[in-house]
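Trainee: predicted model, plus sequence, below.
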Amino acid sequence: MRLQTLAITLAALLPAAASAAEPPLPQLRAYTVDASWLQPMAPLQIADHTWQIGTEDLTALLVQTPQGAVLLDGGMPQMADHLLRNMKARGVAQQDLRLILLSHAHADHAGPVAALKRGTGAQIVANAESAVLLARGGSNDLHFGDGITYPPANADRIIMDGEVVTVGGIDFTAHFMPGHTPGSTAWTWTDTRDGTPVRIVYADSLSAPGYQLRDNPRYPHLIDDYRRSFATVRALPCDILLTPHPGASNWNYSAGAKAGAKALTCKAYADEAEKKFDAQLAKEAAGAR
């Protein structure tokens, strides 16, 4: 009996000894970005009522109206307090933020939306595709999987292509431009500069960073969507173009009053993006041979 008990005890120890020889499980990988994406900046005036309040290399636009403010994008998850401070510097109390509009629901643009909604009570406006990704906190992304997640949030209003959202007499029109994400959106509105009307476009990214373009099983019509979106952006009513990553439209927020001196037109932005897209397609095709 004693020998049998000893044999059972040794057998029980063997799996533990074997597992001790295995390598440790991998560490979690944080979503790290360039320092300039996280570099705070003071509010930068774009037009009479429109201000950039994000960081040096991530756009977050505050539009102030007599009936409350609208925020377009929020940047990285850790930017919530910075945005609230910049809102306060512009005289916007937290409860005066009425709406949060999204270009798309990746972590570097929708990251702090959940915290901002809790802190301000603002309603989130997005199309159905972005709302689904936002509710998942960026998980199960078509291209990045679970690699760039953030605190999830629920959209309060689902908008359609061409739908208009109005706050304080300013009309924000949604223009769907799928490609970078299925829910990518451009927003247009009319502001003024010294009393003269200016048509502002906040156009989403047109890049395809590391994407499988051809025969993508998760996004079968990806190439067709990009083609339509290039055409959509070219046709937008466009006096001032801004983008989620300012460098994509040649903005330099750290240059102060000269920040938009070299800014692209909507047509030039779409043309440059399409050239890069075509080059990426050609490279992918060459690699498949």
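Mentor: Yep, it's here.
Trainee: the strands in the stretch 1-150 of the chain, which residues?
Mentor: 44-45, 50-52, 61-65, 68-72, 97-101, 123-126 (DSSP state E, counting those that start in this stretch).
Trainee: give me the contacts around the first one.
Mentor: What it means is strand 44-45. 51-53, 253, 256, 259 (CB atoms under 8 Å, 6 or more residues apart in numbering). In short, each C-beta sits where N, CA and C put it, glycine included.
Trainee: repeat that with 7 Å
Mentor: Around strand 44-45, the neighbours that count as contacts under CB atoms under 7 Å, 6 or more residues apart in numbering are 51-52, 253, 259.
Trainee: got it, and the second one?
Mentor: Residues from elsewhere that reach strand 50-52, judged by CB under 7 Å, 6+ apart: 43-46, 59, 61-63, 90, 191, 200, 253.
Trainee: okay, the strands of the stretch 1-150 of the chain in JSON lines with mean neighbour count next?
Mentor: Shown next, in JSON lines, are the strands of the stretch 1-150 of the chain (neighbours: other CB atoms under 10 Å):
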{"stretch": "strand 44-45", "mean neighbour count": "17"}
{"stretch": "strand 50-52", "mean neighbour count": "24"}
{"stretch": "strand 61-65", "mean neighbour count": "21"}
{"stretch": "strand 68-72", "mean neighbour count": "24"}
{"stretch": "strand 97-101", "mean neighbour count": "23"}
{"stretch": "strand 123-126", "mean neighbour count": "23"}
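Trainee: now render those as JSON lines, adding distance to P26 and mean pLDDT.
Mentor: Output for the strands of the stretch 1-150 of the chain, formatted as JSON lines (distance: least, CB to CB, whole Å; pLDDT from 0 to 100):
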{"stretch": "strand 44-45", "distance to P26": "41", "mean pLDDT": "98"}
{"stretch": "strand 50-52", "distance to P26": "38", "mean pLDDT": "98"}
{"stretch": "strand 61-65", "distance to P26": "38", "mean pLDDT": "99"}
{"stretch": "strand 68-72", "distance to P26": "36", "mean pLDDT": "99"}
{"stretch": "strand 97-101", "distance to P26": "35", "mean pLDDT": "98"}
{"stretch": "strand 123-126", "distance to P26": "33", "mean pLDDT": "98"}
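Trainee: using a markdown table, lay out those together with distance to A110.
Mentor: Below are the strands of the stretch 1-150 of the chain laid out as a markdown table (distance: least, CB to CB, whole Å):
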| stretch | distance to A110 |
| --- | --- |
| strand 44-45 | 21 |
| strand 50-52 | 17 |
| strand 61-65 | 14 |
| strand 68-72 | 11 |
| strand 97-101 | 9 |
| strand 123-126 | 9 |
